[in-house]
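Requesting a structural model of the entry that follows:
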Amino acid sequence: MSVLECLKWHNFSMSHDEAASTESKTEVPRFDGEASKLAEYQFRVRLKQARERNITDTKKKEWGPLAIRLIDGLRGPALQVARNLKIDKLEEADGGVQYLLSSLQAALQPRSKQEARELYQVGAQQGGVLSRQQGEPIPSYVLRRKAWYSMMLDLDNELRLPEGILAEQLLQNAGISADHMLLIRTAIQSDMTWDKVCEELVAQHSRIHEKEVKGGKSFGKGDRSFAFKGGGKNYGK
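Model (predicted):
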């Protein structure tokens, strides 16, 4: 599944169950080479290193080098990268893990930047798949926007956006009317930050999805955007 597909509402709401099992049989993080998950994989590997720092020498000898064991958790493109690495460098106690991570980073970087640009364009689009879908709770929408930005930065940190722009995008794509947006702007006044917009969206519209469902409106197919009744702006194409 592509990065963008994972961020669509229905896929995003189910992705947490799929992510519950992240360890292989040898208790090392799994990674299939998906560029958007590389930063998360690197983080898990660092945690694994920290946990094993204080184990006894007997255990270290019994388990073997961590970098070698990490190969058991690789599959797909990530495994193909590992197949071309030098075993003796992977066996190094200090540099083996860094050698593996650096090699994965170098192999996936070109695709990472391309996916980051695609995510940027989708996130900046008003009324696209990263807007709140009809019937979607505000907390779910906020989490999707936050996940989108984190994934984009993981792929290319140079695409970092000012907080004011992020807050504005969050508000513009929340699927609320122009009058309701004005109420939120009035409540936060000049403090247009991500956290403030989140707080007001939850405070003022925590049950908006229930009203949409009770109104008998159709969700439509997939994750297409909708023209919200009384919304002032026509979301979607």
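
Tell me which residue of the chain is furthest from the middle?
Distance from the C-alpha centroid of the chain peaks at Thr58, with 38.7 Å (CA atoms, centre = their mean).

Double-check that Met192 belongs to a helix.
No: using DSSP: H, G, I helix; E, B strand; the rest coil, the assignment for Met192 is coil, not a helix.

any idea how far it is from Ala178?
To Ala178, Met192 is 16 Å away according to CB to CB, to the nearest Å. Any C-beta I mention is one placed from the backbone N, CA and C, and that applies to glycine too.

Compare neighbour counts for the two and give me the winner.
Legend: neighbour count by other CB atoms under 10 Å for Met192 and Ala178, higher for Met192 (17 against 10).

isn't that one right next to Ile165, touching?
No: Met192 lies out of contact with Ile165 (CB atoms under 8 Å); the separation is 9.6 Å.

Kindly provide the distance from the residue lying closest to Pro137 once chain neighbours are set aside to Glu5.
Sequence neighbours aside, His209 is the residue nearest to Pro137 in space, at 4.7 Å (criterion: CB to CB, 6 or more residues apart in numbering). His209 is 22 Å from Glu5, where distance means CB to CB.

Likewise for Lys48?
Distance check for Lys48 against Glu5: by CB to CB, it reads 28 Å.

ok, the two, which is more surrounded?
Taking neighbours as other CB under 10 Å, Lys48 and Glu5 compare with Lys48 leading, 19 against 12.

I'd say the more buried one and Gly73 touch.
No: contact criterion CB under 8 Å: Lys48 and Gly73 do not qualify, at 9.7 Å.

overlap in contacts of those two?
Residues touching both Lys48 and Gly73 (CB atoms under 8 Å, 6 or more residues apart in numbering): 28-29.

what's the residue nearest to the spatial centre of the chain in contact with, if anything?
Nearest to the geometric centre of the chain sits Ala147, at 3.5 Å (CA atoms, centre = their mean). Contact analysis of Ala147 by CB under 8 Å, 6+ apart lists 7, 12.

Repeat that for the one 5 residues further on.
Residues in contact with Met152 (CB under 8 Å, 6+ apart) are 116, 119-120, 123, 159.

Can you give me the separation between it and Leu47?
23 Å.

Kindly report the same for Gly128.
With the distance defined as CB to CB, Gly128 ends up 34 Å from Leu47.

Which one's more surrounded, the two?
Gly128 (18 against 11).

tell me the contacts of the closest residue in space to the more buried one that isn't next to it in sequence?
Nearest non-adjacent residue to Gly128, counting by CB to CB, 6+ apart: Val122, 5.6 Å away. Going by CB under 8 Å, 6+ apart, Val122 touches 4, 128-130, 148.

What's the ChimeraX syntax to select whichever of the contacts of Met152 are buried?
Burial among these is assessed by 16 or more other CB atoms under 10 Å; the matching ChimeraX selection reads:
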select :116,119,120,123
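
Need the max-distance pair from the contacts of Met152.
Taking every pair in these and measuring CB to CB, the maximum separation is 10.4 Å, between Ala116 and Gly123.

before we move on, the earlier item: tell me which of the contacts of Met152 fall in strands.
Using DSSP state E, no member of the contacts of Met152 falls within strands.

JSON lines for the contacts of Met152, including distance to Val197 and pLDDT?
Supplementary listing: the contacts of Met152 in JSON lines, determined by distance: CB to CB, whole Å; pLDDT from 0 to 100:
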{"residue": "Ala116", "distance to Val197": "24", "pLDDT": "88"}
{"residue": "Leu119", "distance to Val197": "20", "pLDDT": "90"}
{"residue": "Tyr120", "distance to Val197": "20", "pLDDT": "93"}
{"residue": "Gly123", "distance to Val197": "15", "pLDDT": "92"}
{"residue": "Leu159", "distance to Val197": "20", "pLDDT": "92"}
